[in-house]
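J.: fold the following for me, if possible:
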Amino acid sequence: MYEHAFSSFHAIAAHFAAAFGGAVSLLAISCFVVRLLRDRLGERYEALCKLLYPTLNVMLFLELVSILAASVAALIDFQKVEALFASPIIRDKGLFIVLAFETYTFMYYLTLKYGERLVDSMPVATYMLALGIISGVLIVLIAGLGGHLSYGESLIDFIFDKLGIPPPWSP
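T.: This is a model prediction of the structure:
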């Protein structure tokens, strides 16, 4: 455990990243659902597209900034970066952060490229769904590893236990 190793700024930025990540995942799922129900929605389809695009665009931007802020704060707070990366849990967490950042960046690219027409194409809506689910799982893993590092146990320990998988950090 790394008690008090990180500043409150890291904790705040990390919680913002988790919150925005959850919102982005729900919005990505919403994109897919709106696309599936396009014919049933009729005129409301256009209104939903106009709502989804700017909301998703802003949330993705905030998510990317939050991930960067939390990562930079962690690197600044920890005095010996070599010691930081000596822990396999922190290396795993870093890998998940990089993967999450890549998925959010690709989602952001898709929102910028397609704009309000984001859900008009079923393949694009499917990509958004897949990326939303993947990024949501990654954010849960990142948060779980952070909780384990801070408190000694977290939701991820419970999930590993229920799945019958020994956590990588167990003796």
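
J.: right, and the helix or strand after the helix or strand of the chain with the lowest mean pLDDT?
T.: Least confident helix or strand of the chain, by mean pLDDT, DSSP states H and E, is helix 81-84 with a mean of 71. Following helix 81-84 in sequence order, the next helix or strand is helix 88-114 (DSSP states H and E).

J.: check which helices and strands that following helix sits against.
T.: Under the contact criterion of 3 or more CB pairs under 8 Å, 6 or more residues apart in numbering; DSSP states H and E, helix 88-114 touches helix 8-36, helix 44-77, helix 122-151. (Glycine included, C-beta is placed from N, CA and C.)

J.: repeat that for 10 Å
T.: In terms of contacts (3 or more CB pairs under 10 Å, 6 or more residues apart in numbering; DSSP states H and E), helix 88-114 is packed against helix 8-36, helix 44-77, helix 81-84, helix 122-151.

J.: and the ones you listed as TSV, adding mean neighbour count?
T.: What follows is those, written out as TSV (neighbours: other CB atoms under 10 Å):
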stretch	mean neighbour count
helix 8-36	19
helix 44-77	17
helix 81-84	12
helix 122-151	19
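
J.: and Gly164, which of the ones you listed is closest to it?
T.: helix 122-151 (16.9 Å; CB to CB).

J.: helices or strands up against the closest one?
T.: helix 8-36, helix 44-77, helix 88-114, helix 155-163.

J.: what's the angle from it to helix 155-163?
T.: Between the axes of helix 122-151 and helix 155-163, defined by axes from the mean of the first three to the mean of the last three CA atoms, to 10 degrees, the angle is 110 degrees.

J.: list the contacts of Val72.
T.: Neighbouring residues of Val72 by CB atoms under 10 Å, 6 or more residues apart in numbering: 9-10, 13.

J.: Trp144 is in contact with Ala14, isn't it?
T.: Careful, residue 144 is Gly; it's not Trp. No. Look at Gly144 against Ala14 with CB atoms under 10 Å: they stay out of range, at 11.9 Å.

J.: ok, now how distant is the residue nearest to Arg117 when sequence neighbours are not counted from Val34?
T.: Nearest residue to Arg117, sequence neighbours excluded (CB to CB, 6 or more residues apart in numbering): Cys49, at 7.3 Å. Look at Cys49 and Val34: by CB to CB, to the nearest Å, they are 7 Å apart.

J.: who touches both of these two?
T.: 41, 118-119.

J.: report the buried members of the residues you listed.
T.: 118-119 (16 or more other CB atoms under 10 Å).
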